[in-house]
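**Q** I'd like to go over a predicted model; first the sequence, then the structure.
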Amino acid sequence: MGTTPTDPQPANVPDAEKALRESEERYRRLVDVCPDAIFVNRENKIVFINNAGLKLFGATKPEQMLGTSPFDFTHPDYHALVRERLRRQLQLGEPVPLVEQKIYRLDGTLLTVEVAAAPVMYQGVMSVQAVLRDITERKRAEEQVRLLNMELEQRVRERTAELEAAIRDMEAFSYSVSHDLRAPLRAIAGFAQIIARRHRASLNEEGQRYVDNIVQAGERMNQLIDDLLAYSRLGRKAVGHHPVPLGAVLAQVAGDLSARAAEAGATMTLPENPPTVRGDMTLLRQIFTNLLVNALTYCRQGVPPRVAVTCERVAGPPGGTECPARHVVIRVADNGIGIAPEHHKTIFRMFQRLHSEDAFPGTGIGLAVVKKAVDLLGGRIGVESAVGTGSTFCVELPLGDE
Ligand code: ADP
């Protein structure tokens with residue numbers, strides 16, 4: 001007759017007892033050295049607590065803790081939670097997941113602990129074994145980080161508001177200075193032109209050169225003031241965000257520049273079926289006028305300018321936050337002198353010019369105006385270019401209702 005696995009062999013009994021004793025000893029040692037507090041709650045009384053548990057509660061001897069109820073040291077806010085956990089453990093036999101709660105030490109100080117607990121049999125009675133870890137310091141540090149972050153965000157908000165106010169002041173200042181400079185400049189330029197026209201004969205060669213210089217400088221200054229006013233006007237007026245047919249804008253701008261294009265021997269092509277964009281007619285005209293003027297200006301000597309405007313409708317990148325969800329990319333490509341990569345970002349800043357006034361006249365404001373207008377419309381702009389082969393300016397704008 002065979003034996004079932006549960007029938008102990010008489011010869012094995014001492015071995016089994018030894019193994020059990022060894023196992024108990026191993027667990028006792030483990031519990032003794034464990035840095036986390038461990039206690040057993042049997043019928044709502046602590047019947048066992050390890051060294052780390054005594055330390056956690058600030059007790060010096062087990063008697064201070066044995067016989068007390070876990071509810072004695074649990075913060076009242078957590079009583080219901082603890083009761084429910086005990087019910088689930090004892091009645092349903094479920095271990096419950098790690099939770100955070102607050103407890104009091106013997107000296108009355110409050111601790112935040114993480115608690116894990118599981119039902120166990122203890123001296124024949126269903127009990128609960130709990131493991132507690134003091135996370136008060138970690139919580140304090142987390143709270144400090146949270147407060148610091150809030151403070152930082154508040155400071156960033158205040159600084160941003162200050163900067164925005166400073167920018168508005170600067171713009172108002174440059175607007176009024178530019179505006180006020182116009183009248184005296186007109187007088188200077190006007191009188192210089194009169195002298196150049198009517199009294200040229202009475203001037204010697206040197207005088208004629210001087211007066212020509214004054215006229216030229218006046219024209220430049222006038223251009224500069226016009227450009228500065230165009231820039232500062234951008235932020236002063238409410239920006240429209242309504243459907244604008246891009247085709248109409250491009251046709252109008254190309255028409256305005258047709259004489260200039262013909263003079264340069266340029267060919268200009270526009271997109272076949274441009275979409276409607278969401279924006280502001282004035283800003284859109286400004287953007288494409290400046291880009292097309294540049295495409296006609298920065299051309300290579302002896303190479304007739306070829307300017308092509310193309311459009312591509314794009315569904316926004318998944319999760320992309322920086323660019324509009326549905327947008328159109330408009331490319332203004334030329335076959336001109338190109339721009340070295342190190343200037344691809346800087347050219348959109350105010351007064352950034354890559355050439356002398358003699359090589360290509362300009363004020364260095366055109367692309368700053370374009371960038372500001374694109375920003376105001378909620379779009380993006382960038383350039384792809386290589387020196388000697390041409391440049392492509394890419395403007396991303398939100399699509400209008402189509
Ligand atoms: P401006 O044309 O009055 O100098 P912009 O702000 O329009 O001012 O342009 C800044 C600089 O960027 C220009 O001086 C020129 O060096 C460069 N740039 C702009 N557009 C082009 C282009 N299509 N091809 C080559 N260089 C360009």
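**A** All right, it came through fine. Keep in mind that this is a model prediction, so the values were computed, not measured.
**Q** quick one: residue 249 is in a strand?
**A** No. Using DSSP: H, G, I helix; E, B strand; the rest coil, the assignment for residue 249 is helix, not a strand.
**Q** domains for the chain, by residue range?
**A** 15-134, 137-233, 239-398 (automatic domain parsing).
**Q** okay, the ones you listed, which one's buried deepest?
**A** domain 239-398 (a mean of 17; mean count of other CB atoms under 10 Å). To be clear about C-beta, it is placed using only N, CA and C from the backbone, and glycine gets the same treatment.
**Q** out of the domains of the chain, nearest to the ligand?
**A** In terms of CB to the nearest ligand atom, the element of these nearest to the ligand is domain 239-398, at 2.6 Å.
**Q** Can you give me the end-to-end span of that closest one?
**A** 14 Å (CA to CA, to the nearest Å).
**Q** give me the element residue 328 is part of.
**A** Here residue 328 sits within strand 326-333, counting by DSSP states H and E.
**Q** Would you map the helices across the protein?
**A** Per DSSP state H, the chain carries helices over the ranges 13-33, 51-57, 70-73, 79-92, 136-198, 205-234, 246-256, 258-264, 281-297, 366-376.
**Q** Name the residues of this protein found near the ligand, please.
**A** 290, 294-295, 298, 334, 336-337, 339, 347, 352-355, 362-368, 391 (CB under 6 Å from any ligand atom).
**Q** before we move on, the earlier item: now the domains of the chain in CSV, please, with extra columns for mean pLDDT.
**A** CSV is the format used below for the domains of the chain (pLDDT from 0 to 100):
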stretch, mean pLDDT
domain 15-134, 92
domain 137-233, 91
domain 239-398, 90
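**Q** Count the residues that sit near the residue nearest to residue 372 when sequence neighbours are not counted.
**A** The shortest distance from residue 372 to any non-neighbouring residue, by CB to CB, 6 or more residues apart in numbering, is to residue 234 (5.1 Å). Number of residues near residue 234 (other CB atoms under 10 Å) recorded here: 20.
**Q** Give me the local confidence score for residue 234.
**A** Residue 234 carries a pLDDT score of 82 in this model.
**Q** doesn't residue 283 make contact with it?
**A** Yes. With contact defined as CB atoms under 8 Å, residue 234 counts as touching residue 283 (7.1 Å).
**Q** Need the overlap of contacts for the two.
**A** 373, 376 (CB atoms under 8 Å, 6 or more residues apart in numbering).
**Q** how about residue 398, what does it touch?
**A** 277, 278, 279, 324, 325, 326, 327, 377, 378, 379.
**Q** how about the helices of the chain, which one is nearest residue 126?
**A** helix 79-92 (5.7 Å; CB to CB).
**Q** by contact count, what packs against that closest one?
**A** helix 70-73, strand 96-104, strand 110-122, strand 125-134 (3 or more CB pairs under 8 Å, 6 or more residues apart in numbering; DSSP states H and E).
**Q** Run through who's touching that helix.
**A** Against helix 79-92 from outside (CB under 8 Å, 6+ apart): 41, 70-71, 74, 94-96, 99, 101, 117-119, 126, 128.
**Q** circling back: among the contacts of residue 398, which pair sits farthest apart?
**A** 279 and 325 (15.4 Å).
**Q** I figured residue 114 was touching residue 135, is that so?
**A** Yes. With contact defined as CB under 8 Å, residue 114 reaches residue 135; the gap is 5.3 Å.
**Q** Ends of stretch 359-375, what's the gap?
**A** Counting by CA to CA: the opening and closing residues of stretch 359-375 are 30 Å apart.
**Q** Correction: the previous question concerned stretch 368-388.
**A** 23 Å.
**Q** roughly how far is it from the heart of the chain?
**A** Between the centre of stretch 368-388 and the centre of its chain there are 19 Å (CA atoms, centre = their mean, to the nearest Å).
**Q** Over to stretch 25-33?
**A** Its chain's C-alpha centre and that of stretch 25-33 lie 52 Å apart, by CA atoms, centre = their mean.
**Q** What lies in contact with stretch 44-51?
**A** Contacts of stretch 44-51 (CB under 8 Å, 6+ apart): 31-32, 34, 37-41, 59, 62, 65-71, 122-123, 127.
**Q** ok, residue 250 - contacts?
**A** Going by CB under 8 Å, 6+ apart, residue 250 touches 270, 271, 274, 288, 309.
**Q** Please apply the same query to residue 300.
**A** Contacts of residue 300 (CB under 8 Å, 6+ apart): 335, 336, 337, 388.
**Q** Check residue 105 too.
**A** Contacts of residue 105 by CB under 8 Å, 6+ apart are 56, 57, 58, 73, 111.
**Q** Reformat the helices of the chain into JSON lines and put distance to residue 314 next to each item.
**A** JSON lines is the format used below for those (distance: least, CB to CB, whole Å):
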{"stretch": "helix 13-33", "distance to residue 314": "62"}
{"stretch": "helix 51-57", "distance to residue 314": "60"}
{"stretch": "helix 70-73", "distance to residue 314": "61"}
{"stretch": "helix 79-92", "distance to residue 314": "52"}
{"stretch": "helix 136-198", "distance to residue 314": "30"}
{"stretch": "helix 205-234", "distance to residue 314": "26"}
{"stretch": "helix 246-256", "distance to residue 314": "14"}
{"stretch": "helix 258-264", "distance to residue 314": "29"}
{"stretch": "helix 281-297", "distance to residue 314": "18"}
{"stretch": "helix 366-376", "distance to residue 314": "16"}
